[in-house]
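In: I'll drop the sequence and a predicted model, then ask my questions.
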Amino acid sequence: MTLLQARGLTRHFGGLRAVDGVDFDLTQGEIHALIGPNGAGKTTFVSLLCGRVAAQAGSIAFAGQDITRLPAQARVRLGIAYTFQITSIYARLSVYDNVALAVQRRGLRDLRAGVMAALDRVGLGAQADQVAGTLSYGHQRLLEIAMGLGLAPRLLILDEPTQGLAAGEIEGFKTLVRGLVPDVTVLLIEHNMDVVMDLADRITVLNFGRVLATGTPAQIRADRAVQAAYLGG
Ligand SMILES: Nc1ncnc2c1ncn2[C@@H]1O[C@H](COP(=O)(O)OP(=O)(O)OP(=O)(O)O)[C@@H](O)[C@H]1O
């Protein structure tokens, strides 16, 4: 089943075609990686999906509903959660309170259970009382994911989640993401090709704001145009 469908999605900045007529489908329950050279439009594209940036043309449907003109908050309520490149935790609050801010938006009766479930899922349950700003960088990234999960999303969008993680932390991250599907569909922007090839069910390659290729890791690895533009084959 298709969870999200974008058609002709377009966002230009002046003369720059950051996202230029992109057709894109996300299948319910998949791990989908978005890759491409720096400046290819990846962050702009996911910003269009979650409503941080307004589309100039094209459409987005989520779970069968047209969300093209919905504000970001309304998309969150429908189940689209995202974490962005720049860590966005509240450094002075506890780990628990950071996630509680997300969970309380769901209006859960048992806030604590919701928070602890999200923290346990990323392996930070034992650090609930710690001040968030004192966590290691890798743990702060995991906390961001817990904040996203606290929203009980159907789609979790992660922008460069492994950037700055140590090798050992990357293994843990892969296990975490594998454990999220199929309940949560995952779209991740990722530069680490080992992570992409290991984790993704499907990959979409963007280049100059356009889709260069979509396919399984094996198909993408074998694609001549992708090799020339990005994989350096
Ligand atoms: N708000 C903005 N105003 C003007 N130009 C922008 C804006 N946001 C992005 N751009 C430009 O759009 C292009 C695509 O940027 P984007 O960040 O989406 O690429 P990216 O593929 O995510 O790159 P990276 O891998 O470096 O994060 C870039 O040339 C960028 O400078």
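Out: Done, it's in. What you are looking at is a predicted structure, and each value in this text was computed from that prediction instead of being measured.
In: in stretch 90-103, what counts as buried?
Out: When burial is assessed from 16 or more other Cβ atoms under 10 Å, stretch 90-103 yields the following buried residues: 95-96, 98-100, 102-103. C-beta: built from backbone N, CA, C; applies to glycine.
In: quick check, nearest of those residues to residue 71?
Out: Distance ranking of the buried residues of stretch 90-103 against residue 71, using Cβ to Cβ, places residue 102 first at 17.6 Å.
In: how's the chain carved up into domains?
Out: Listed by automatic domain parsing, the domain ranges of the chain are 1-77+155-160+183-233, 80-152.
In: Comparing the ones you listed by mean pLDDT, which bottoms out?
Out: Mean pLDDT is lowest for domain 80-152 among these, at a mean of 91.
In: returning to what we had before: quick one: which of the buried residues of stretch 90-103 sit in helices?
Out: Counting by DSSP state H, the buried residues of stretch 90-103 place 95-96, 98-100, 102-103 in helices.
In: can you give me phi and psi for the residue nearest to residue 179 when sequence neighbours are not counted?
Out: Leaving aside its sequence neighbours, residue 179 sits nearest to residue 121 (Cβ to Cβ, 6 or more residues apart in numbering; 7.2 Å). In terms of degrees, to the nearest 10, the main-chain angles of residue 121 are phi -60, psi -30.
In: cool, and the one 5 residues further on?
Out: Note on residue 126: backbone dihedrals following degrees, to the nearest 10 are phi -70, psi -20.
In: now residue 14
Out: phi 60, psi -130.
In: secondary structure class for the residue most central in space within the chain?
Out: The chain has residue 157 as the residue nearest its centroid, 1.7 Å off, counting by Cα atoms, centre = their mean. Secondary structure assignment for residue 157 (DSSP: H, G, I helix; E, B strand; the rest coil): strand.
In: Tell me who's in contact with it.
Out: Listed by Cβ atoms under 8 Å, 6 or more residues apart in numbering, the contact partners of residue 157 are 46, 49-50, 80-83, 186-188.
In: And stretch 103-121, end to end?
Out: Using Cα to Cα, to the nearest Å, one end of stretch 103-121 lies 14 Å from the other.
In: what do you get for stretch 89-96?
Out: Start-to-end, stretch 89-96 (Cα to Cα) is 11 Å.
In: what does stretch 154-174 give?
Out: Stretch 154-174: ends 19 Å apart by Cα to Cα.
In: where do the helices sit along the chain?
Out: According to DSSP H, the helices that the chain contains are 42-50, 72-78, 95-103, 111-122, 137-149, 167-180, 193-199, 217-222, 224-226.
In: And the residue nearest to the centre of the chain, how far from the ligand?
Out: Going from residue 157 to the ligand by Cβ to the nearest ligand atom, to the nearest Å gives 12 Å.
In: circling back: want to throw the helices of the chain into TSV with distance to the ligand?
Out: Below are the helices of the chain laid out as TSV (distance: least, Cβ to the nearest ligand atom, whole Å):
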stretch	distance to the ligand
helix 42-50	3
helix 72-78	15
helix 95-103	24
helix 111-122	23
helix 137-149	16
helix 167-180	18
helix 193-199	13
helix 217-222	16
helix 224-226	15
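In: Ok, which of those helices comes nearest residue 64?
Out: When these are ranked by distance to residue 64, counting by Cβ to Cβ, first place goes to helix 72-78 at 10.7 Å.
In: Now do the closest one: distance to the chain's middle.
Out: 15 Å (Cα atoms, centre = their mean, to the nearest Å).
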